[in-house]
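J.: A structural model of the following input is requested.
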Amino acid sequence: MTVSRRTDDPIPAVRLRGDAETVLAALAAGGVAIVPLDVAYAVIGTSAAAIRSIFAAKERSYEKPSGMFGNLDLSREIHVLPPEKHEMARRIIEGHGLPFSIVADYRRDHPIMRAVDPFVLENSTKGDTLDMLVNAGALHNEIARQSAEQGIGVFGSSANRSLTGSRYRPADIDPQVRAIAAVEIDHGTSKYANPDGRSSTIIDFRDFRVLRQGVCFDQLNAIFRDEFDIVLRLN
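T.: Next up, the predicted model:
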């Protein structure tokens, strides 16, 4: 009997580090990688050429910026938010283990952001804000950790053609998206695979507007209401 793996199944630390190193080496060479996240498979890059190829393969509008791989430490350093809002993010991650994306103003003078190619920065931010995905699985967290150590910003979006729903297994990713990847990592089916094709929930932490209702939205909504006495605002 074949047992299907999921992205939240335990992965040996040495393999996890090695997979992240393989991905970051491909990105450093200007390439694109497809990686498994708990929320959905993602297609990512760091160079202008990589981001251009991602937008083209996805047939994605440049009106929709890419998101950044991050973690609590990166968000604290880069996002311009009061301490109590960073504390909310910490409690959601450490107390409940949920993935989500934080949108907030960002520090353009942060060393990582200063090093981002201008084309990539233009298409990975919106006005003064940056969307940062946090806690989206073991490989996501390891890539975020290693990229921060290297001073590199990693950007991307779900590995699917735009507006067709997220993909939760490599075999389901559109051939035109898979074709641009120099590296593809397979850790099984995404933990939060769902029939609606949803990926991460995106929350603007400046005013608690929900920019996208994704996976774990109901749990996140309850946490904000019950623990922080905040009503998330739906667009």
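J.: for Val231, list the residues it contacts.
T.: Phe208, Phe224, Arg225 (C-beta atoms under 8 Å, 6 or more residues apart in numbering). C-beta: built from backbone N, CA, C; applies to glycine.
J.: so what's Asn221 up against?
T.: Asn221 touches Leu232, counting by C-beta under 8 Å, 6+ apart.
J.: ok, now with 10 Å
T.: Asn221 sits next to Thr201, Ile203, Val210, Gln213, Ile230, Val231, Leu232, Leu234 when contact means C-beta atoms under 10 Å, 6 or more residues apart in numbering.
J.: quick one: pLDDT of the fourth one?
T.: The reference is to Gln213. Gln213 is assigned a predicted lDDT (pLDDT) of 97.
J.: which residue, other than its chain neighbours, is closest to it?
T.: Once flanking residues are discounted, Gln213 sits nearest to Thr201: 6.1 Å by C-beta to C-beta, 6 or more residues apart in numbering.
J.: I'd say that neighbour and Arg209 touch.
T.: No: in this structure Thr201 lies outside contact range of Arg209 using C-beta atoms under 10 Å: 11.7 Å.
J.: give me the common contacts of these two.
T.: Leu232.
J.: which of these two has more residues huddled nearby?
T.: Ranked by neighbour count (other C-beta atoms under 10 Å), Thr201 and Arg209 place Thr201 first, with 23 against 14.
J.: okay, now Arg169: neighbour count?
T.: Per other C-beta under 10 Å, the neighbour tally for Arg169 reads 16.
J.: would you agree Gln150 is in contact with Ala28?
T.: Yes: contact criterion C-beta under 10 Å: Gln150 and Ala28 qualify, at 8.1 Å.
J.: ok so, going back, reformat the contacts of Asn221 as TSV; add distance to Ala171.
T.: Below are the contacts of Asn221 laid out as TSV (distance: C-beta to C-beta, whole Å):
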residue	distance to Ala171
Thr201	26
Ile203	31
Val210	31
Gln213	27
Ile230	40
Val231	40
Leu232	35
Leu234	34
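J.: now Phe100: phi and psi?
T.: For Phe100, the backbone dihedrals (degrees, to the nearest 10) come out as phi -170, psi 170.
J.: Ala89 is in contact with that one, correct?
T.: Yes: using C-beta under 10 Å, Phe100 is in contact with Ala89, at 8.2 Å.
J.: between the two, which contacts overlap?
T.: Common contact partners of Phe100 and Ala89 (C-beta under 10 Å, 6+ apart): Met132, Val134, Asn135, Ile203, Phe205.
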